[in-house]
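S.K.: Mind looking at a prediction? Sequence and model below.
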Amino acid sequence: MLKPPNAFGIVQQGLYRSNAPVDENLPFLTGLNLKTVLYLSPEVLLRSVVEFFKEQNVDLHNLGVQAWRPDPQWTPICDDFIKDALEMVLDHRKHPLLICCTSGVFQTAPLVGCLRRLQNWSLTSILDEYRAFAGLKARLVHEQYIEFFDVDLVSLPTAEHLPPWFIDYNLVDARKDQYEMDLLAVQLENLKTREEHSMTEEEKLEMRLIGFRLRCRDAQRSTLLCSPGTKITKQSIVDDEDDD
């Protein structure tokens, strides 16, 4: 009978998680056709398991031998440790890939949580998943680390090497922003084709509002003059033009 490692789970297509495998798990792992294993604990894997990975031509990356605990900081895991692991996880050329640690929780669960941050999951969903896998081993300090991890530290692979299930939301936001600007420009041109005397006061204000939004978007790109969180109202446009 095939027996998966304890705490085994599917993170995404071609990406798995578990505790450190033992001999009885090896037939199950054969069926995963793994290319890469990320082992995150400082403890040594069983020699038989290491030999198995060699025989199967599986690349074993023992990141746990790094000093993963930082010097006197509150964080339980070093940022560079998570950064290096995430950059491997997000390289599709290394898939199918297994993430594992001795417990299946203390290093693996925070890493998966930080991956979910990169995937733009809500914090509630991330912590729900973390607690479901961690059970009684859940630690508040790990939840805090997941919440405050700086995702900008991670250098994403080029687009062709990202897994098909991963969406770079920085690119999505940029495309969405350009689409919105194009739409505003079309609306402005349509209004400009109207003769001014035939336009209502509401339409005139709308035209000035659209023009102001376009100028503000241009300023954001070049000088960050207008904050993305700035709320623009018709009254603010009227006041702005009065100040001029």
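M.R.: Yep, that arrived. Everything numeric here is computed off the predicted structure, so don't read it as measured data. Numbers count the residues shown, from 1 in each chain.
S.K.: Give me the below-cutoff pLDDT ranges for this structure.
M.R.: For the chain, the stretches flagged by pLDDT under 70 are 65-75, 168-180, 191, 194-197, 214, 216-244.
S.K.: can you map out the strands along it?
M.R.: Assigned by DSSP state E, the chain shows strands spanning 9-12, 15-19, 36-39, 59-62, 97-101.
S.K.: how about the closest residue to residue 96 other than its chain neighbours, what does it touch?
M.R.: Using C-beta to C-beta, 6 or more residues apart in numbering and skipping the chain neighbours, the partner closest in space to residue 96 is residue 14 (4.5 Å). Every C-beta, even on glycine, is put in place using the N, C-alpha and C of the backbone. Neighbouring residues of residue 14 by C-beta atoms under 8 Å, 6 or more residues apart in numbering: 92, 95-97, 163.
S.K.: residue boundaries of the helices in the protein?
M.R.: With helices called from DSSP state H, the chain shows them at 26-30, 47-55, 79-89, 108-118, 123-134, 140-148, 169-192, 201-222, 234-243.
S.K.: middle-most residue in this structure, spatially?
M.R.: Centroid-nearest residue in the chain: residue 118, 0.7 Å away (criterion: C-alpha atoms, centre = their mean).
S.K.: ok, that residue touching residue 154?
M.R.: Yes: using C-beta atoms under 8 Å, residue 118 is in contact with residue 154, at 6.5 Å.
S.K.: Mutual contacts of these two, please.
M.R.: Joint contacts of residue 118 and residue 154 (C-beta under 8 Å, 6+ apart) are 86, 90.
S.K.: which ones are touching residue 94?
M.R.: By C-beta under 8 Å, 6+ apart, the neighbours of residue 94 are 35-36, 59, 88.
S.K.: out of the residues you listed, who has the most neighbours?
M.R.: Top of the contacts of residue 94 by neighbour number is residue 36, holding 20 neighbours under the definition other C-beta atoms under 10 Å.
S.K.: and residue 48, how far is that from residue 22?
M.R.: Residue 48 sits 8 Å away from residue 22, going by C-beta to C-beta, to the nearest Å.
S.K.: Of these two, give the one with the bigger neighbour count.
M.R.: Between residue 48 and residue 22, residue 22 has the larger neighbour count (other C-beta under 10 Å), namely 14 against 11.
S.K.: Find the nearest non-adjacent residue to the more buried one, please.
M.R.: Using C-beta to C-beta, 6+ apart, the nearest residue to residue 22 is residue 46, at 6.3 Å.
S.K.: and the gap between that neighbour and residue 26?
M.R.: 10 Å.
S.K.: do residue 184 as well
M.R.: 59 Å.
S.K.: Also residue 207?
M.R.: 70 Å.
S.K.: need the contact list for residue 4.
M.R.: By C-beta under 8 Å, 6+ apart, the neighbours of residue 4 are 18, 25, 28.
S.K.: distance of it from residue 63?
M.R.: According to C-beta to C-beta, residue 4 and residue 63 sit 22 Å apart.
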